[in-house]
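Asks: sequence? don't have it. structure:
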């Protein structure tokens, strides 16, 4: 640990916090000084919460989302429609879709996207696990909800091909103009996709 | 510093910090260039989808004094080559060629030719031409542009038109006749006559005709092996994208 201007215990907290995303040394120092001034109970609550986070949170054995039991709350919920499965890249995407509250089926988290520049191939993702769920869970439709980036689209194309070969209905979420958006500021590709996937009103 | 405008191809793109993106471009005017797109992930309006890898763009950027990293002011999409996203093989080949093109442009004068070759290769891949044949011919074309082109015309030892069975000398970078191998100094790899003819043409054909070369699966395998060994010998490491290509290539238990 580098020698700092703070007493050792304080310096240690600053060092730990400044490793966090979006937090530099100054913000880390401000947070550490806040913790120093906070009540013992508040700090104890934080410590317990952090320990529990690491101890209790694991990946759902079925869909690989975050869970505190064997199954995540969504997989364990009997009211979810089991025939429809939505594939997402990471748990953050799952939470975003859940916030929208529209999808009533179950999920599968791939744990990343196919990326040639990073050397990530299909076998580095949880694709085999996805295929092994199709039959036992009697999946009727797979909805691919991956980002419309180079990596996301390539993964979508690969999964569509593989799933079609297995005789499963496969769909992907639509690409188009975001709500509150402006046609003038949209790129040609988005406009093309939006026109191609127009719907009857 | 005034802003500069240049055509460019995105060869690498990675997220940085909360909302920024650091993007590496290949430009025929400045060579390899890395710049930061501030707020690229937060505001979808600013850069739209022009910073995705392998996109052909028109870039407006500002060099910053005493900094390696320029600032991207605007980036306008010319083509995103959507065909690459439909097929992993094409995507992997695009990644390989972009990575190699980025490696070979240093401060040399070969930059406009390398840019033109990469732009053509991406176009042809997008149109659906055989990605494997394009990979073989363009890999060796890029090496030649960088001044690493192997010597195909004559045997390294006897200086005559080489006679089979042929070998490739990885260390010396050239072809060797079967009868001259005792006098060769480097590591030798077997080379089929057909593959040799293809590679010789790949180095000399005009760029626009490069896509006419067809490599059969055997020649592809041999070419890729040679290119990998050769690149490893000169750069001391492999291209990252080679690993990806290996992962997606179907495994054949009867392979040599």
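Replies: In hand now; what should we look at? Every value quoted in this text rests on a predicted model; they were computed, and no experiment measured them.

Asks: all contacts plus neighbour counts: C-alpha atoms, from now on.
Replies: Will do.

Asks: Give me the pLDDT for the residue nearest to residue A:152 when sequence neighbours are not counted.
Replies: Take residue A:152 and drop its neighbours on the chain: the residue closest to it by CA to CA, 6 or more residues apart in numbering or on different chains is residue A:146, 5.3 Å away. We have a pLDDT of 95 for residue A:146.

Asks: For residue A:146, list the residues it contacts.
Replies: A:87, A:88, A:89, A:152, A:153, A:155, A:156, A:173 (CA atoms under 8 Å, 6 or more residues apart in numbering or on different chains).

Asks: what's the spacing between it and residue B:189?
Replies: Note on residue A:146: its distance to residue B:189, by CA to CA, to the nearest Å, is 44 Å.

Asks: returning to what we had before: shouldn't the residue nearest to residue A:152 be within a strand?
Replies: No. When DSSP: H, G, I helix; E, B strand; the rest coil is applied, residue A:146 is found to be coil, with no strand at that position.

Asks: Next, give phi and psi for it.
Replies: phi -110, psi 160 (degrees, to the nearest 10).

Asks: Residue B:203 now?
Replies: phi -80, psi -30.

Asks: Do I have it right that it meets residue B:145?
Replies: No. Using CA atoms under 8 Å, residue B:203 is not in contact with residue B:145, being 9.1 Å away.

Asks: the more surrounded of the two?
Replies: With other CA atoms under 10 Å in any protein chain shown as the criterion, residue B:203 and residue B:145 differ in neighbour count, and residue B:203 comes out ahead with 23 against 20.

Asks: Could you measure from that one over to residue B:210?
Replies: Where residue B:210 is concerned, residue B:203 sits at a distance of 9 Å (CA to CA).

Asks: what residues does the stretch 101-250 of chain B put near chain A?
Replies: With CA under 8 Å from any CA of the partner chain as the criterion, the stretch 101-250 of chain B meets chain A at residues B:240, B:241, B:243, B:244, B:245, B:247, B:248.

Asks: Pull the most distant pair out of those.
Replies: Set against one another by CA to CA, those have their most distant pair in B:240 and B:248, with a gap of 13.5 Å.

Asks: Three-state assignment for the residue of the stretch 101-250 of chain B found nearest chain A, please.
Replies: Taking CA to the nearest CA, chain A has its nearest neighbour within the stretch 101-250 of chain B at residue B:244, 4.7 Å off. Under three-state DSSP, the three-state class of residue B:244 is helix.

Asks: show me what contacts it?
Replies: By CA under 8 Å, 6+ apart, the residues touching residue B:244 are A:116, A:117, A:119, A:120, A:121, B:92.

Asks: now residue B:227
Replies: Contact partners of residue B:227, counting by CA under 8 Å, 6+ apart, are B:139, B:140.

Asks: In the chain, where is pLDDT below threshold?
Replies: Assuming you mean chain A. Within chain A, the set of residues satisfying pLDDT under 70 comprises A:1-4.

Asks: look at chain B instead
Replies: Low-confidence regions of chain B, defined by pLDDT under 70, span residues B:43-46, B:48, B:106-109, B:250-256.

Asks: And the strands in it, which stretches?
Replies: For chain B, the strands defined by DSSP state E occupy B:4-16, B:20-27, B:31-37, B:56-62, B:70-79, B:166-169, B:174-176, B:188-191.

Asks: now these in JSON lines, with mean neighbour count?
Replies: Converted to JSON lines, the strands of chain B look like this (neighbours: other CA atoms under 10 Å in any protein chain shown):
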{"stretch": "strand B:4-16", "mean neighbour count": "20"}
{"stretch": "strand B:20-27", "mean neighbour count": "23"}
{"stretch": "strand B:31-37", "mean neighbour count": "21"}
{"stretch": "strand B:56-62", "mean neighbour count": "21"}
{"stretch": "strand B:70-79", "mean neighbour count": "19"}
{"stretch": "strand B:166-169", "mean neighbour count": "25"}
{"stretch": "strand B:174-176", "mean neighbour count": "26"}
{"stretch": "strand B:188-191", "mean neighbour count": "18"}
